[in-house]
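Visitor: 3D, please:
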Amino acid sequence: MTTPSWRVRSRVPRTFGACALGLVLSLSGLTHPAAAATGPGVTDPGATGPGAAAGPGAAETGDLPVIVLARPGQESAARAQVAAAGGTLTRDLPLVHGFAAVVGARAVPVLRLGPAIRSITPDTPVRVAADRSSLRVAAGASEPTSVYPQAVGADQVWRAGDKGQGVTVAMIDTGVAASPDLAGRMVTVSDGLLSPSQPCKNLSGEPSCQDNYGHGTFVGGVIAGDGSSSGGTYSGVAPRAKLLSIKVAGADGSTDVSNVLAAIQWVVSYRSMYSIRVLNLSLSTDSAQTYRTDPFNYAVERAWDAGIVVVVSASNRGPSAATISKPADDPLVITVGASDDRGTPGIGDDELPDFSSRGPTVPDGLAKPDLVAPGCHLMSLRAVGSTLDRQFPSSDGAYHRGSGTSFSAAVTSGTVALMLARHPELEPNQVKYALTHSSRELPAGSDPAVVGAGTLDAARAALNPPAGAANAGVVRSNGTGLLQLSRGHVGVQTIAVPSTVVNGLLTTQLLLWDPTGYLLGWSPVTWVVSPWALTPIQPVRWSDDDWSGRNWGGRNWGGGNWQGSTWDGAAIARDYGSPPDGALWFGAWG
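Guide: Next comes the predicted model:
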């Protein structure tokens, strides 16, 4: 095979960092990933033509090519401000909620003060370091570097004899595809004696447990893959832990908060039967309802108080402040943002990607995230034939490369499995205390609103966990808030004809939400007589016509905001590494 050449199709600001939003690269002779995307509102940020960045000579006339990032919901106003200043829009960049433009140099300082504009940065050329060992540009090239187990020190725990054995991690996601890397460790489940065993608890409305979207398989591999398909090269963090899959979304990744609430109730109800110690939630909504009343927060707190360590991705809506999503805004749970390990085990060169959400929480003003973990250019399992696999065909066999806080949460969930394998007596509050008090300060920055207590140190947390208990005095949610406010902005509708928009008090079973019933006791007995168990869940699709909550653009399942229900970090595009100027194929889905 002829080695394809790299070429710059667009340009992004250097401030995006090494794990920046992937808008800039295409492979000569290969199909552009965005070409595979379907659905309204999907754009191709790498296309040539009138939208291309300004060419040579623009600066000589006093004009500057720039990237303008708008404040949330202010894209139209930001465009109007640039136009009023005599600027020319050259390309829409929905993935980053902004656009490229050419503006007069003297107008830039004034525009930066505009109320709708978050930032303006030079649209400088990207130099691709194609000779870096972390770049895989063709068949036969060196394998991309993926060292997150070593970067957090999980390998040190393995050498001490603990790989997560005896610990079950539940994950509420899009399902998990069968893989040799997880063979024998996927828990089969049943609701009771009369229910057949299944490879997952299926609350998606689809007929099977297969991961038809592709996100959950990647997350599961980060948590517990053993690297069998790569001779051990691409192992997850806890390669002997068990995984229990609760599937809540179908082939386009769409689901509703009501599905997730049902899933959390199921996990708590059956925690003893399946020895569930950890719950991974690589998903979120952009709800701004206070955690003190929100039913989503109530659910995760109920899991926490039942003895389950709940790990939640912060979401990928950064770099602005106050972008932590729900339920990562809950004070009890472990909220994880992303760091970029740069493909090296040491933390001296680590960076903080702009996509990772920042605190404080809205509207409660709480300090979040709790810590950060590697979330850039991770290698993990692909779900062959899934939506994302078709959009981003892999050249790495059983694996894909991805970036996002979804995967930072998965790294942390794997670490918790290591901790509990070695110290099964630890309670959730003790686990959270140990994680935050063993974390390391990053040379790249120590702002607690960005990194929390620091970057994850699995070795210290598992081998020598600091003693103490977190969450003293935390006020619990009462769960009496509105289901609709939990959803955020983008909703779903049923696939069946006639289609029904799921909003207000409706659940995806097309039943009215019963908050009183939901707040009652959770157990296998109450589950089997609950509406969740007795009424089929409807398959759904996104109801937003322009997909503004997702803006896949072929790659945004990483910053890919559901806006109402985000899979945080589905940046599984063919991420060819982490060039220093930030040229990657991935979104910031979260």
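
Visitor: contacting residues for Thr535?
Guide: With contact taken as CB atoms under 8 Å, 6 or more residues apart in numbering, Thr535 is in contact with 509, 511. Any C-beta I mention is one placed from the backbone N, CA and C, and that applies to glycine too.

Visitor: ok, now how distant is it from Ser258?
Guide: 11 Å (CB to CB, to the nearest Å).

Visitor: And for Ser197?
Guide: Per CB to CB, Ser197 is found 25 Å from Ser258.

Visitor: now do Tyr291
Guide: Distance from Tyr291 to Ser258, by CB to CB: 18 Å.

Visitor: again, but for Gly468
Guide: Taking CB to CB, one finds Gly468 at 37 Å from Ser258.

Visitor: the more surrounded of these two?
Guide: More neighbours surround Ser258 than the other of Gly468 and Ser258, with 27 against 13 (other CB atoms under 10 Å).

Visitor: any idea which element that one lies in?
Guide: helix 257-269 (DSSP states H and E).

Visitor: Ok, Gly337 next?
Guide: strand 334-339.

Visitor: and Asp364, what are its phi and psi?
Guide: Asp364 adopts backbone torsions of phi -90, psi -10, taken as degrees, to the nearest 10.

Visitor: burial measure for it, as a count.
Guide: Neighbours of Asp364 (other CB under 10 Å): 17.

Visitor: For it, which residues are in contact?
Guide: Counting by CB under 8 Å, 6+ apart, Asp364 has contacts 290-292, 329.

Visitor: can you put the residues you listed in TSV and add secondary structure and distance to Glu351?
Guide: TSV is the format used below for those (DSSP: H, G, I helix; E, B strand; the rest coil; distance: CB to CB, whole Å):
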residue	secondary structure	distance to Glu351
Thr290	coil	33
Tyr291	coil	30
Arg292	coil	35
Asp329	coil	25
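
Visitor: ok, of these, which one's closest to Val528?
Guide: Proximity of those to Val528 (CB to CB) peaks at Tyr291, which lies at 29.8 Å.

Visitor: now that closest one: how far from Ala170?
Guide: Tyr291 is 22 Å from Ala170, by CB to CB.

Visitor: same question, Gly221
Guide: 16 Å.

Visitor: of those two, who's got more company?
Guide: Gly221 (34 against 31).

Visitor: quick one: secondary structure of the more buried one?
Guide: Classification of Gly221 using DSSP: H, G, I helix; E, B strand; the rest coil returns helix.

Visitor: quick one, what contacts it?
Guide: Contacts of Gly221 (CB under 8 Å, 6+ apart): 179, 181-182, 234, 236, 380-381, 399.

Visitor: 10 Å - rerun?
Guide: Residues near Gly221 by CB atoms under 10 Å, 6 or more residues apart in numbering: 176-177, 179, 181-182, 227, 229, 234-236, 239, 243, 378-383, 398-400, 402, 407, 410.

Visitor: So which of those residues sit within helices?
Guide: Judged by DSSP state H, helices contain the following of the contacts of Gly221: 407, 410.

Visitor: before we move on, the earlier item: show me what the strand holding Gly337 is packed against.
Guide: strand 309-313, strand 371-374, helix 405-422, helix 428-438, helix 448-451 (3 or more CB pairs under 10 Å, 6 or more residues apart in numbering; DSSP states H and E).

Visitor: Each with direction, which strands does it pair with?
Guide: strand 309-313 (parallel), strand 371-374 (parallel) (DSSP bridges).

Visitor: quick one: that strand to helix 428-438, angle?
Guide: 30 degrees (axes from the mean of the first three to the mean of the last three CA atoms, to 10 degrees).

Visitor: how about strand 334-339: buried residues?
Guide: 334-339 (16 or more other CB atoms under 10 Å).

Visitor: Kindly report the same for stretch 308-328.
Guide: Across stretch 308-328, burial judged by 16+ other CB under 10 Å covers 308-319, 322-328.

Visitor: Just the mean pLDDT for it, thanks.
Guide: Stretch 308-328 shows a mean pLDDT of 96.

Visitor: can I get the CA coordinates of that stretch in PDB?
Guide: Extracted in PDB, the C-alpha atoms of stretch 308-328 (Å, rounded to 0.1, in the frame of the first residue of the first chain):
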ATOM      1  CA  ILE A 308     -21.500   1.700  44.700                       C
ATOM      2  CA  VAL A 309     -18.700   4.000  43.600                       C
ATOM      3  CA  VAL A 310     -20.100   6.200  40.900                       C
ATOM      4  CA  VAL A 311     -17.700   7.600  38.300                       C
ATOM      5  CA  VAL A 312     -19.000  10.300  35.900                       C
ATOM      6  CA  SER A 313     -17.300  12.100  33.000                       C
ATOM      7  CA  ALA A 314     -17.200  15.800  33.400                       C
ATOM      8  CA  SER A 315     -18.200  16.300  29.700                       C
ATOM      9  CA  ASN A 316     -16.400  17.900  26.800                       C
ATOM     10  CA  ARG A 317     -18.000  21.400  26.700                       C
ATOM     11  CA  GLY A 318     -14.800  23.300  27.700                       C
ATOM     12  CA  PRO A 319     -12.800  25.300  27.900                       C
ATOM     13  CA  SER A 320     -15.300  27.800  29.300                       C
ATOM     14  CA  ALA A 321     -16.000  27.900  33.100                       C
ATOM     15  CA  ALA A 322     -19.200  26.400  34.400                       C
ATOM     16  CA  THR A 323     -19.500  23.700  31.800                       C
ATOM     17  CA  ILE A 324     -19.700  20.700  34.000                       C
ATOM     18  CA  SER A 325     -22.700  18.600  32.900                       C
ATOM     19  CA  LYS A 326     -25.200  16.600  34.900                       C
ATOM     20  CA  PRO A 327     -24.900  14.200  36.700                       C
ATOM     21  CA  ALA A 328     -21.200  15.100  37.000                       C
END
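
Visitor: which one among the contacts of Asp364 gets closest to Phe392?
Guide: Looking across these and measuring by CB to CB, the closest to Phe392 is Asp329, at 30.4 Å.

Visitor: The closest one and Val312 touch, don't they?
Guide: Yes - counting by CB atoms under 10 Å, Val312 is a contact partner of Asp329 at 8.9 Å.

Visitor: Next, Met273: secondary structure please.
Guide: Once three-state DSSP is applied, Met273 turns out coil.

Visitor: The closest residue to it other than its chain neighbours and Gln265: what is the separation?
Guide: Excluding the flanking residues, the one nearest Met273 by CB to CB, 6 or more residues apart in numbering is Pro524, at 6.8 Å. Distance, Pro524 to Gln265, by CB to CB: 11 Å.

Visitor: repeat for Pro360
Guide: From Pro360 to Gln265 the distance is 29 Å (CB to CB).

Visitor: ok, how many other residues are close to Asp197?
Guide: In this structure residue 197 is Ser, not Asp. Ser197 - counted by other CB under 10 Å - has 8 other residues nearby.
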